[in-house]
Structure formats: C-alpha cells, structure tokens
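> coordinates only, sequence not included:
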C-alpha cells in the first residue's frame, strides 16, 4: 500500500512544476460550464481562458461544477485501494460546494477509507502552496494528523488580493448582487478584494492600471518575512505591471522567491478572465 495521497481540485496552481511529493498528488476535476455552442468537457479541455468575454452578461452563465457527492465516493473508494489514507485539500467552501460534497462523501465511506477533508480558505496559488506543503510532509513519512496540523497552521499565513473588473462573474457565482455587478462594470474601475477566512471581501476601487500596480506593491510591503510572492496574470496579460511587481519584490525581498502564472480556466470562470491577483506567503513559524 502506498503512503498518504494528497487530493486537491482543478483550481490549484503550484509555485513550481516539480516539488517534493508531487507524485502523491491527485486532482479531483471541476467541470466548466458556459452557455456557449461547444459542449463542456471534464477538466474544461475544450475551453480556453481566451474564450471568455470580459463580462458575463448576455447569458454567458459561467459555472464551476464540483464533483457530486456520489462522484467523490467513487473517487475515494478508488484511491483507497491504492493509498493508505487521503488528505483532501480543496478551494474555499465559500467559493464552491466542493468541500461540502467531499465531506458528505467522506462520511459515506467511513470505515472503508480514511479521508481527511480540509477547507483551504483560498484557491489558485494559495491552494497550491498548501498542497505542496502537505505533499512534502507526506513524502517525508508524516502521519495524516501531522499533515493536517501543518496545513491548518499554514492557512492563516496565506494572504491574497484580487482585482476583479468582471463583477458579473461574481454575480453569476452568487457572490454579488446583480445591480452592484452591472454598475461596477459600467464604471470601468478596478475593484479590489481580499480573502478573509475564506471569503472574498471588498477593499476599495482604483481608477487605472498605474494605481493598481501601486496597490499591489503596497500590499507586499505590508509584510516582513515572506517565503514566496506570486502574481496571477489576467487575459490579456499585463506585462508592464508584472515586470514592475517582480522588480519591486526583488528589491524589497531579495531572498523571497517570485513566480508569475497565467490565470487558470477554472479561476477565470469563477472570477472572470480579467482578474489579476497577488499571493503573499509568510514563512512558517519556527
């Protein structure tokens, strides 16, 4: 029997392609559904971020569909034949039913498979960092209890700010009132949100990309000791802003790694393709 399996979902993005324990990581696929003439496919393979319009108006109806409870039961039983235990870390429960469905499934297989479900309270790079942490511990032989403790201890040290101009995507996801979304898009501003205890919380609005660049730099300047800074690029990408943030991070945090990532199809379906974000990961406590 193989060691612990680390299960996550399609929204996870990793700071590097290979990391300790990456062979222990498995992905529970989320399905992308759009009201467009092509039939959606599992993992969203037939869709591209470039297919998504800036606004979710005009009946686009983007949806991120998690595995059902029954599908999770089938997946847990399958993985239980290969791995001794499963640590499942998924995107924030406020953004998706993934955690809720997985928890119901874990109860259904109790006694057959040992599954520990963790609400990451984040997504994208934040989720990926937690998975990397768990996978490294699993590869080193840590117990499920130790891995869970490590992951839960890391969650409060992941900080995120998103700029979400496509507010109608939030409305379609049930995260914003329709009137607010429409008016917000018409104003053409750059609304800023943070993730607080797993929920998207509005901060303020900035007028243009220069002000957005300044805000991102001020955001990372709030921290003293970071292990990683990640920039999530929108579609189309912001080359100048990304370069400026990378240079600023290099000057202020010369020993901190920096990565840049295109927005994934799954995050773009949830928050819109014009979303950009910065993740600041604090170093773990000694």
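Perfect, I can see it now. Here the structure is a predicted model, which is why all the values come from computation and not from measurement.
> and stretch 167-175, what's buried?
167-173, 175 (16 or more other CB atoms under 10 Å). No exception for glycine: its C-beta is placed from N, CA and C like everyone else's.
> ok, now stretch 53-72?
Of all the residues in stretch 53-72, those buried under the rule 16+ other CB under 10 Å are 53, 55-57, 60, 62-67, 69, 72.
> now do the one helix or strand residue 79 maps to, average pLDDT.
Using DSSP states H and E, residue 79 sits within helix 69-80. Mean per-residue pLDDT for helix 69-80: 98.
> residue 258 bridge partners, please.
Listed by DSSP bridges, the beta-bridge partners for residue 258 are residue 229.
> which ones are touching it?
By CB atoms under 8 Å, 6 or more residues apart in numbering, residue 258 lies in contact with 228-231, 246, 249-250.
> how far away is it from residue 65?
Taking CB to CB, to the nearest Å as the measure, residue 258 falls 33 Å from residue 65.
> cool, and residue 51?
To residue 65, residue 51 is 17 Å away according to CB to CB.
> what do you get for residue 50?
21 Å.
> the nearest residue to residue 182 once chain neighbours are set aside in helix, strand or coil?
The shortest distance from residue 182 to any non-neighbouring residue, by CB to CB, 6 or more residues apart in numbering, is to residue 168 (6.8 Å). When classified by DSSP: H, G, I helix; E, B strand; the rest coil, residue 168 comes out as helix.
> thought residue 59 was touching residue 168, still the case?
No. Counting by CB atoms under 8 Å, residue 168 does not reach residue 59; the two are 11.0 Å apart.
> just how off-centre is stretch 146-165 within its chain?
10 Å (CA atoms, centre = their mean, to the nearest Å).
> for the residue nearest to residue 188 when sequence neighbours are not counted, pull up the helix or strand it's in.
Spatial nearest neighbour of residue 188, chain neighbours left out: residue 165 (7.8 Å); criterion: CB to CB, 6+ apart. Using DSSP H and E, residue 165 is not contained in any helix or strand.
> mind listing what residue 165 touches?
Contacts of residue 165 by CB under 8 Å, 6+ apart are 54, 185, 188-191, 272, 274-275.
> wait, is residue 255 part of a strand?
No. Judged by three-state DSSP, residue 255 forms no part of a strand; its state is coil.
> separation between it and residue 4?
Residue 255 is 31 Å from residue 4, by CB to CB.
> quick one: secondary structure of residue 159?
From three-state DSSP, the assignment for residue 159 is strand.
> looking at it now. What's its pLDDT?
98.
> surely it is in contact with residue 230?
No. Using CB under 8 Å, residue 159 is not in contact with residue 230, being 11.0 Å away.
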